[in-house]
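J.: return atomic coordinates for the entry below.
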Amino acid sequence: MCRPLFCWLALLLPVAVGCSRVDRLPTTPTRASVKLNGAASELGSDAATKLYPLDLGNKWEYAGESSKTIVSTGGRDQKHGNWTRKTALTRTETINGREYVREENELDDPSSPTGGPYTSIRRLRQDRTGLYEVGTAPPHAPPFAETRLLAYPLHKGATWVMTEYPHTTATVERLEVPRTTAGQFPAWRIRIRNGGHLPQEESFVWYGRAGYLGMKTHLDFGKPDASGHIEIIEDQSESLTSLSISHRE
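T.: Residues are numbered from 1 along each chain as shown. Alright, predicted model coming up:
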């Protein structure tokens with residue numbers, strides 16, 4: 001299993017890997033119109049409020065699983081893995097004149113060759129226009145380039161450019177109520193498209209007032225190899241298992 005890259009895991013997912021159509025985020029049937037209508041009412045005021053719970057001290061835990069299949073002239077090779085991840089909002093930091101909330105992540109991946117926890121950091125800020133992340137600028141990006149994770153107000157059909165490095169767009173597909181180990185939370189299902197990916201490749205994330213609830217991604221691509229040509233099929237999913245967040249008005 002390749003280690004998930006958490007700078008991208010809940011964001012763009014351009015290189016995420018995972019299991020064969022893992023389904024960790026089943027949703028309530030669409031006939032649950034009363035519940036979905038209530039969820040729409042709850043999430044429909046995003047234009048006037050900030051959706052993501054960025055209060056210091058908020059914590060989330062996730063579980064993920066993945067698989068990678070390599071098809072070549074020599075046959076098929078498959079790898080599977082599982083991981084858990086803890087994340088917490090610990091303090092604020094000022095970067096380029098803007099205040100961000102520091103999110104610290106700790107990944108426990110038993111298949112990691114290092115044999116120990118893998119840590120990473122995200123820096124997030126939020127205003128009436130959306131949720132943003134700043135980090136190490138990718139190649140050709142200007143210093144302090146931000147990724148627009150969410151664009152407010154969220155509603156079905158909303159589309160925005162998350163980043164130009166590489167060009168990546170997000171589209172809100174619909175409102176759902178995912179069933180997670182931590183409970184059921186109204187959330188927007190958002191499809192993420194990387195301009196360099198093939199049509200059969202897809203990535204989805206779920207966001208609501210409880211924060212980031214999980215993701216699913218599927219990659220299917222070929223590349224040259226010493227023996228000719230190989231096809232790589234990767235799937236990955238992650239889902240919320242517990243949370244401790246402030247309840248704001």
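J.: hey, let's count contacts and neighbours off CA atoms from now on
T.: OK.
J.: residue 77 versus residue 119, what's the distance?
T.: 29 Å (Cα to Cα, to the nearest Å).
J.: more neighbours: these two, which one.
T.: Between residue 119 and residue 77, counted using other Cα atoms under 10 Å, residue 119 has the larger neighbour count: 14 against 11.
J.: what helices or strands is the strand or helix carrying the more buried one leaning on?
T.: Taking DSSP states H and E as the definition, residue 119 sits inside strand 118-127. Contacts defined by 3 or more Cα pairs under 8 Å, 6 or more residues apart in numbering; DSSP states H and E place strand 118-127 against strand 98-108, strand 130-134.
J.: let me see the mean pLDDT of the first one.
T.: In this model, strand 98-108 has an average pLDDT of 96.
J.: how many neighbours does residue 75 have?
T.: Count around residue 75 with other Cα under 10 Å applied: 8.
J.: what's across from it in the sheet?
T.: residue 72 (DSSP bridges).
J.: send me stretch 114-121 as CSV with only the CA atoms.
T.: This file holds the C-alpha atoms of stretch 114-121, laid out as CSV (Å, rounded to 0.1, in the frame of the first residue of the first chain):
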residue,chain,number,x,y,z
THR,A,114,9.0,3.6,8.7
GLY,A,115,7.1,1.6,11.3
GLY,A,116,5.9,4.7,13.2
PRO,A,117,3.2,7.3,13.1
TYR,A,118,3.2,9.7,10.1
THR,A,119,2.5,13.3,11.0
SER,A,120,1.4,16.2,8.8
ILE,A,121,0.0,19.7,9.1
